[in-house]
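Peer 1: any chance you could fold what I've pasted below:
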Amino acid sequence: MKATQVLEKEHRVIQKMAASLALIGEDLKAEKRVPTDTLREITQFMQVFVNQCHQQKEEVYLFAVLLKKGVPAGGCPLAVLHNEHAKEQALVKQFGDAVEMYVESKGEAHTSLESSIRALIELLPAHIWKEDYLLLPMADKILSSEDQKSLRKQFDKVQSEIGPELHFRFEKFADELESAAHHAQ
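Peer 2: All right, here's what the predicted structure looks like:
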């Protein structure tokens, strides 16, 4: 699998989580209780799988190679995606804080959690679209097979640092939330 395909695969996992978040947001809006362990696991997914693992692969490794290949740092798509990554990190922090407020209030403080979920699900699909249809096709045209292999090794190193079992657990968790959502309908 090419490095760009690894990122596409991770996008599918993040999209599953975004869809599950949207349903959780609907539950909160309807004043249904959401299990706090699920919310905390989503927080960890967003902090580790999305911010530490996925974004690091893009920001630290892919973007660096693209810059060396002449893609302008201040132009589209790198500057736009970099800014969205920063916004996403802030939203993930806000989500984590809102989850803790929700937990501490025993589910009473759900408004800020609803709001942070809404902000995340507004950002994630459009951001992933830009990466899938602008960034990654451009990267596939620019990167040689050697570049792809080198990036893949760096991506594997990132995954091994967070733990391959943790990466797999997050993928499985996203699948489980998606499956539970389908059964609940």
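Peer 1: could you use CA atoms for every contact and neighbour count after this?
Peer 2: Fine.
Peer 1: give me the contacts around whatever helix or strand Gln56 lives in.
Peer 2: In this structure, Gln56 sits in helix 55-56 according to DSSP states H and E. Contacts to helix 55-56, defined as CA atoms under 8 Å, 6 or more residues apart in numbering, come from residues 85, 158.
Peer 1: and it, average pLDDT?
Peer 2: For helix 55-56, the mean per-residue pLDDT is 96.
Peer 1: who are the packing partners of whichever helix or strand comes after that helix?
Peer 2: Note on helix 55-56: by DSSP H and E, the next helix or strand toward the C-terminus is helix 63-68. Under the contact criterion of 3 or more CA pairs under 8 Å, 6 or more residues apart in numbering; DSSP states H and E, helix 63-68 touches no helix or strand at all.
Peer 1: next one: helix 63-68 to chain centre, how far?
Peer 2: With CA atoms, centre = their mean, to the nearest Å as the basis, helix 63-68 stands 21 Å off its chain's centre.
Peer 1: same deal with stretch 145-159?
Peer 2: Using CA atoms, centre = their mean, the offset of stretch 145-159 from its chain centre is 19 Å.
Peer 1: buried residues in that stretch, which are they?
Peer 2: 147-148, 150-152, 154-155, 158-159 (16 or more other CA atoms under 10 Å).
Peer 1: which of those residues fall within helices?
Peer 2: Among the buried residues of stretch 145-159, the ones falling in helices (DSSP state H) are 147-148, 150-152, 154-155, 158-159.
Peer 1: thinking again about what came up before, lowest pLDDT pick from the buried residues of stretch 145-159?
Peer 2: Least confident of those in the model: Gln159, at 92.
Peer 1: where in this structure is pLDDT low?
Peer 2: Applying pLDDT under 70 to the chain picks out residues 182-185.
Peer 1: gap between stretch 5-20 and the chain center?
Peer 2: 7 Å.
Peer 1: buried residues in it?
Peer 2: For stretch 5-20, by 16+ other CA under 10 Å, it's 7-8, 10-11, 13-20.
Peer 1: how close does the residue nearest to the spatial centre of the chain sit to Glu171?
Peer 2: Compute the mean C-alpha point of the chain, and by CA atoms, centre = their mean the closest residue is Val50, 3.6 Å away. Going from Val50 to Glu171 by CA to CA, to the nearest Å gives 11 Å.
Peer 1: Ile24 too?
Peer 2: 18 Å.
Peer 1: check Val80 too.
Peer 2: Counting by CA to CA, the gap from Val80 to Glu171 is 27 Å.
Peer 1: strands along this structure, start to end?
Peer 2: With strands called from DSSP state E, the chain shows none.
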